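my questions concern the predicted model and sequence given below.
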Amino acid sequence: MSEARRTTIDAAEVERFSMMAAEWWDPKGKFKPLHKFNPVRLAYIRDRVAEQFGRDPHSSRPFDGLRFLDIGCGGGLLCEPMARLGATVVGADASETNIEVARLHAAQSGVSIDYRATTAEDLADAGEQFDVILNMEVVEHVADVPLYLAKCAQMVKPGGIMFVATINRTLKALGLAIVGAEYVLRWLPRGTHQYEKLVRPDELEQALSESGMTIIDRTGVSYNPLADRWQKSRDLDVNYMVLAHKPALS
């Protein structure tokens, strides 16, 4: 099959998240785990972007002048804080329903974000370029991971970076992230994740490397039940984040 006919979109996944779209901004709804997860993601993004681009992470707008893409943005849970930190943000999602929810919430919040119902391949083929790409909890839901990551990497400006957060394909992840989170604790609707679609760090990093990206950091993310919060850890067996850099042109 030629690349022109390939797609990164898994229609069943798009439909699954579209059906839950109205709950994106409800901290007690179906996306409660993402609301709990957001503080550790935001801190990691802020600190690493500031380090990469020589900014003060504690300033009010450390991302001024930087163009961000939040690919698979859902209802905009990351887009809005990025915009408040000064970034020019494009939020893209294959679900038109998610995008409408995101647009409505941004308008209500008074935040300017360029939301688009589109795909990574369409954005890349249109020549879009970004300083920072947020690729958070998306790769485990796409139909063609190498193609998807290649298209995302194509959009990173030389000298830019891409964050990728996902779930490892391990028995520990099966027990905690699927059986535990979906069937026992019911943090997520059943069927949110399929074990065979989870991506191991070595698979992710190989695809990024083949797309011209250099891995500069990796960290695990684990849940602390005593503190009721997520935190960075050395354990990549379940949730993990990878940071990749596109070398600047010489």
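Alright, I've got the coordinates.

list the contacts for the spatially most central residue of the chain?
For the chain, the residue nearest the mean C-alpha position is residue 136 (1.4 Å; C-alpha atoms, centre = their mean). Counting by C-beta atoms under 8 Å, 6 or more residues apart in numbering, residue 136 touches 41, 70, 72, 78, 163-165. The C-beta positions use only the backbone N, C-alpha and C, and glycine is treated the same way.

output the lengthiest helix in the chain as CSV, restricted to C-alpha atoms.
For the chain, the longest helix by residue count, based on DSSP state H, is helix 32-53. Extracted in CSV, the C-alpha atoms of helix 32-53 (Å, rounded to 0.1, in the frame of the first residue of the first chain):
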residue,chain,number,x,y,z
LYS,A,32,-10.9,12.6,35.8
PRO,A,33,-7.5,10.7,35.4
LEU,A,34,-6.3,13.3,32.9
HIS,A,35,-7.2,16.1,35.3
LYS,A,36,-5.2,14.3,38.0
PHE,A,37,-2.4,13.7,35.5
ASN,A,38,-2.2,17.3,34.3
PRO,A,39,0.0,18.9,37.0
VAL,A,40,2.9,16.5,36.5
ARG,A,41,2.6,16.9,32.7
LEU,A,42,2.4,20.7,32.9
ALA,A,43,5.4,21.0,35.2
TYR,A,44,7.5,18.7,33.0
ILE,A,45,6.6,20.6,29.8
ARG,A,46,7.2,24.0,31.4
ASP,A,47,10.6,23.1,32.7
ARG,A,48,11.9,21.3,29.7
VAL,A,49,10.7,23.9,27.2
ALA,A,50,12.2,26.7,29.3
GLU,A,51,15.5,24.7,29.4
GLN,A,52,15.5,24.1,25.7
PHE,A,53,14.8,27.7,24.7
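
thought residue 102 was touching residue 72?
No. Using C-beta atoms under 8 Å, residue 102 is not in contact with residue 72; the gap is 11.5 Å.

so what's in contact with the two at the same time?
By C-beta under 8 Å, 6+ apart, residue 102 and residue 72 have these common neighbours: residue 93.

what's the separation between residue 24 and residue 97?
With distances taken as C-beta to C-beta, to the nearest Å, residue 24 is found 10 Å from residue 97.

what's stretch 144-160 in contact with?
3, 6-8, 69, 71, 120-121, 123-125, 128-133, 135, 138-139, 142, 162, 164, 199, 203-204, 207-208, 210-213, 244-249.

any idea which helix or strand in the chain has the lowest mean pLDDT?
Lowest on mean pLDDT, DSSP states H and E among the helices and strands of the chain sits helix 11-19, with a mean of 65.

please, which helix or strand holds the spatially closest residue to residue 219 that is not a sequence neighbour?
Spatial nearest neighbour of residue 219, excluding adjacent residues (C-beta to C-beta, 6 or more residues apart in numbering): residue 232 at 4.9 Å. Secondary structure assignment for residue 232, by DSSP states H and E: strand 229-233.

for residue 148, same thing?
Here residue 148 is assigned to helix 145-154, by DSSP H and E.

tell me the strands beside the helix or strand that comes right after that helix, with direction?
The element immediately downstream of helix 145-154 (helix or strand, assigned by DSSP H and E) is strand 156-167. In the sheet, strand 156-167 lines up against strand 130-136 (parallel), strand 239-245 (antiparallel) (DSSP bridges).

okay, now the unreliable bits of this structure?
Applying pLDDT under 70 to the chain flags residues 1-5, 9, 13-14, 16-22, 177-191, 250.

if you set the cut-off to 50 instead, what comes out?
Scanning the chain for pLDDT under 50 picks out 1-3.

how about residues contacting the longest helix of the chain?
26-27, 55-57, 62-63, 66, 74, 77-78, 81-82, 85, 131-132, 134, 136-137, 161, 163, 165, 181, 187-188, 217, 219, 221, 228-232, 241, 243, 245.
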